[in-house]
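Participant: Provide a 3D model corresponding to the input given below.
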Amino acid sequence: MNRESIFFVLFVSMSLLSCSNDLQVDEVSVFERQLLVNDNHYLIKGICYHPVAIGSSERSFETIDKDLALMVEAGINTIRVYAPIDNVNVLDKIDAAGLKVIIGIGYNQDGFYDMVSGSFIDYVNKYKNHNAILMWELGNEYNYHPEWFEGDLKNWYNDMNVAADLIHKADSKHPVTTAHGDLPDALALSLSPNIDVWGMNVYRWVEPESIFSEWKAVSSKPMYLSETGGDSYMTVSAEGYEQGENQKAQADANKIILEKSFDDKGICSGVTLFSFTDGWWKAGQNDVQDIGGTAPNSSGVPYDRDPNEEYWGIVDIHRNKKETFNVVKEIYLSQKKN
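Facilitator: Numbers count the residues shown, from 1 in each chain. Sure thing, here's the model as predicted:
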């Protein structure tokens, strides 16, 4: 075989391999109010995931194998993370487990694939052909922080819209979403037409469904509950639940919240419950579990209206199942397979 023939064979082989890889990547799209994967309706049965070990404040995936096994057992099909996962082995494990991931992209994260540096688009290009990716998510509750944008949220919405457009040009197979604090107002919607799916962090007691009709009235795009749920510590006794660590309060709240989250699948594309594991790093000393902590717009947290930030997991930091784990499992497994 001559030199030209060898190069032709290599070119054809590489082309076929490229086509084969493309075929293996699920295509995620939107149609009217629906999120689709390979043109089939995709219902998010998800969990927010930010694993931090005892004594640390940094995210670590050292427990990814055990965590994924627990997620699969609970019927979870989607993970939502707050920062890019720059580790193909972790993404491979997520995909092998049959799960998808919503990748959070921050505005100013010291240059780590963030919007300020523009490096976020490098991440999109690097991983857009990975089968684990479900959506790209720009920001988390930034509407609660105008001080980050010179006191004017118009700056955030404009920047978010430009970033979404850049992602669309780089990647046609995955929608762009955001995690907005509660219902987006007219300003957010008018300045952000490039957002394909609106995520909403909703803490309205045990009534997340109240946002569905409100969303239907202002937009025809898909939405999902990017955060919702309850914690397992009662700051005060209330609603028949005793003060102190109270897993029953969390389990009861999450049962109602999740059941109502799936009440109107024509409007809501699902939920990523907050959160997978307790986070000891959030409210004080990172080597003990503290009560307290602050979160914006949290007066609707059941049942004490107080976000004890280190008690939100469906498993504790040692990966022991809390009462709410079986609630999540029962409800997620009862939903029809995507």
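Participant: now the helices: where do they sit in the stretch 1-150 of the chain?
Facilitator: Applying DSSP state H, counting those that start in this stretch to the stretch 1-150 of the chain gives helices spanning 3-24, 64-73, 88-96, 120-127.
Participant: of those, which shows the lowest average pLDDT?
Facilitator: Note on the helices of the stretch 1-150 of the chain: helix 3-24 shows the lowest mean pLDDT, a mean of 39.
Participant: contacts only, for Q243.
Facilitator: By CB atoms under 8 Å, 6 or more residues apart in numbering, the contact set of Q243 is M234, T235, V236, S237. Backbone N, C-alpha and C define where each C-beta goes, glycine included.
Participant: right, and the second one touches V301 too?
Facilitator: No - in terms of CB atoms under 8 Å, T235 does not count as a neighbour of V301; the distance is 9.8 Å.
Participant: so which of those two has more stuff around it?
Facilitator: V301 (21 against 16; other CB atoms under 10 Å).
Participant: most centrally placed residue in this structure?
Facilitator: R80 (2.6 Å; CA atoms, centre = their mean).
Participant: now, the contacts of Q243 that are in helices?
Facilitator: In this view, the contacts of Q243 have no member that belongs to helices under DSSP state H.
Participant: of the residues you listed - the most surrounded one?
Facilitator: If you rank these by neighbour count (other CB under 10 Å), M234 sits at the top with 24 neighbours.
Participant: find me the pLDDT at that residue, would you?
Facilitator: You'll see M234 listed with a pLDDT of 97.
Participant: which stretches of the stretch 201-338 of the chain form strands?
Facilitator: Assigned by DSSP state E, counting those that start in this stretch, the stretch 201-338 of the chain shows strands spanning 223-227, 233-234, 244-245, 268-273.
Participant: show me what the second one is packed up against.
Facilitator: Judged by 3 or more CB pairs under 8 Å, 6 or more residues apart in numbering; DSSP states H and E, strand 233-234 is in contact with strand 244-245.
Participant: one step back: now the residue nearest to the centre of the chain: how far from N158?
Facilitator: R80 is 25 Å from N158, where distance means CB to CB, to the nearest Å.
Participant: please apply the same query to N286.
Facilitator: In terms of CB to CB, N286 sits 36 Å off from N158.
Participant: compare those two (neighbour count), which wins?
Facilitator: Neighbours were counted for N286 and for N158 using other CB under 10 Å; N286 has more, 19 against 14.
Participant: now do the contacts for that one.
Facilitator: N286 touches V52, I54, G55, S56, S57, W280, counting by CB under 8 Å, 6+ apart.
Participant: correct me if wrong: the third one contacts Q285.
Facilitator: No - counting by CB under 8 Å, G55 does not reach Q285; the two are 9.2 Å apart.
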